[in-house]
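> All I have is the shape, not the residue letters:
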């Protein structure tokens, strides 16, 4: 009997206790049945209303203008103090009792969960706050892991962000905060690119030289701002993302020489180095590629590459380059675009325009 009375007393206290609140409404808004501005309204939310965070976000971001400022935020599932549940646009609320830095982190976490889901978001934050590696071996292992994570994030971003030219562009610059080695660029949709300034800064704090050498090759590959891009050193840009090959100017040989030297020094960054090698080879071997330099310069650089004894080039690579040299020599490739009087021809790209 005493046990029953004690349980009833506990229930009475619980029913009379105040509802825990986590958020405060900063702009007059509405609680909606679904995460959509067109969804039916559950109730009005006057400024100053307090809400409980139900720790669920929409799986997308929405852009809404608030006080002459465009906010791109997720919808949050919340509960009012009188027990009504629904969705509120994240831009109209703020967390209670958090310092500015913690509040900023709270907003970032909600946005990350909306874009990447709770599991991937948690993995991104765990990686961001992991202790800095002490050796080049540990740094290489970390980099392999974060590059795979970056590739996954880019795939999600490509699906999640609207490609409609008429749509309001999503501002995802906040993604920069948890990114250790990457830079957020909009080209035209958001994408994460390796920032070799950040790579070099991390490498400078480790024991061993292989990571420093890898960073220097990154600087050589992307000399303009040291950020990975679709316009590396070995191409000639024709636009923001369009290019032709600059074979004949010496960049292909220089990069392949640096890659070979790094591979001879150690294999910690072998996957990344060989990925560069494959990109450079593709630039030379792609049948649809056009070339900025004249035939004489192209043949001269190809001959130097073939004679250099570069360890990064396999026997199969060398055979392909020799066959490609024959195509250049026979004028079966479009070359000398810089003169405006291109030579050669290509059955693979008859409609090419500069």
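Ah, there it is. In this text the structure is predicted, and so the values were computed from the model without any measurement.
> can you map out the strands along the stretch 51-200 of the chain?
For the stretch 51-200 of the chain, strands defined by DSSP state E, counting those that start in this stretch occupy the ranges 62-66, 69-73, 75-80, 85-89, 93-95, 182-186, 190-194.
> now for the fifth one, which elements pack on it?
Here strand 93-95 is seen to pack against strand 23-25, helix 100-128 when contacts are counted using 3 or more CB pairs under 8 Å, 6 or more residues apart in numbering; DSSP states H and E. C-beta coordinates here come from the backbone N, C-alpha and C atoms, glycine included.
> Okay, buried residues for it please.
Buried residues in strand 93-95, counting neighbours by 16 or more other CB atoms under 10 Å, are found at residue 93.
> still on that earlier bit, can you redo the helices and strands packed on strand 93-95 as CSV, where the extra columns are distance to residue 279?
Shown next, in CSV, are the helices and strands packed on strand 93-95 (distance: least, CB to CB, whole Å):
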stretch, distance to residue 279
strand 23-25, 47
helix 100-128, 25
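> out of the ones you listed, deepest packed?
When those are scored by mean count of other CB atoms under 10 Å, the highest mean neighbour count falls to strand 23-25 (a mean of 19).
> list the buried ones in the very next helix or strand once past it?
Sequence order places strand 29-32 as the next helix or strand after strand 23-25, per DSSP states H and E. By neighbour count with 16+ other CB under 10 Å, strand 29-32 contains the buried residues 29-32.
> what about the helices in the stretch 101-250 of the chain?
136-160, 196-203, 210-221 (DSSP state H, counting those that start in this stretch).
> closest one to residue 331 among the ones you listed?
Ranking the helices of the stretch 101-250 of the chain by proximity to residue 331 (CB to CB) places helix 210-221 first, at 30.2 Å.
> What lies in contact with that closest one?
Contacts with helix 210-221, where a contact means CB atoms under 8 Å, 6 or more residues apart in numbering, come from 136, 139-140, 143, 194, 196, 199-200, 202-204, 226, 228, 232-233, 254-255, 258-259, 261-262, 265-266, 268-269, 272-273, 276.
> isn't residue 180 right next to residue 198, touching?
Yes. If you go by CB atoms under 8 Å, residue 180 and residue 198 touch, sitting 6.7 Å apart.
> would you turn the helices and strands packed on strand 93-95 into TSV with mean pLDDT?
Shown next, in TSV, are the helices and strands packed on strand 93-95 (pLDDT from 0 to 100):
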stretch	mean pLDDT
strand 23-25	96
helix 100-128	91
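> Indicate which one of the ones you listed is closest to residue 60.
Residue 60 sits nearest to helix 100-128 of all the helices and strands packed on strand 93-95, at 6.2 Å, using CB to CB.
> For stretch 215-231, which residues meet the burial criterion?
Those would be 215-218, 220-222, 226-229, 231, for stretch 215-231 by 16+ other CB under 10 Å.
> Tell me the gap between that stretch and the middle of its chain.
Taking CA atoms, centre = their mean, to the nearest Å, one finds the center of stretch 215-231 at 16 Å from the center of the full chain.
> How far does that stretch stretch from one end to the other?
With CA to CA, to the nearest Å as the measure, stretch 215-231 spans 18 Å from end to end.
> swap in stretch 129-145?
End-to-end for stretch 129-145, by CA to CA: 14 Å.
> re the thing from before, and residue 242, which of the helices and strands packed on strand 93-95 is closest to it?
Once the helices and strands packed on strand 93-95 are compared by CB to CB, helix 100-128 is nearest, at 28.7 Å.
> ok, back up a step: now the strands of the stretch 51-200 of the chain in a markdown table, with distance to residue 107 and mean pLDDT?
Shown next, in a markdown table, are the strands of the stretch 51-200 of the chain (distance: least, CB to CB, whole Å; pLDDT from 0 to 100):
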| stretch | distance to residue 107 | mean pLDDT |
| --- | --- | --- |
| strand 62-66 | 14 | 86 |
| strand 69-73 | 8 | 86 |
| strand 75-80 | 11 | 96 |
| strand 85-89 | 13 | 97 |
| strand 93-95 | 8 | 95 |
| strand 182-186 | 16 | 86 |
| strand 190-194 | 17 | 90 |
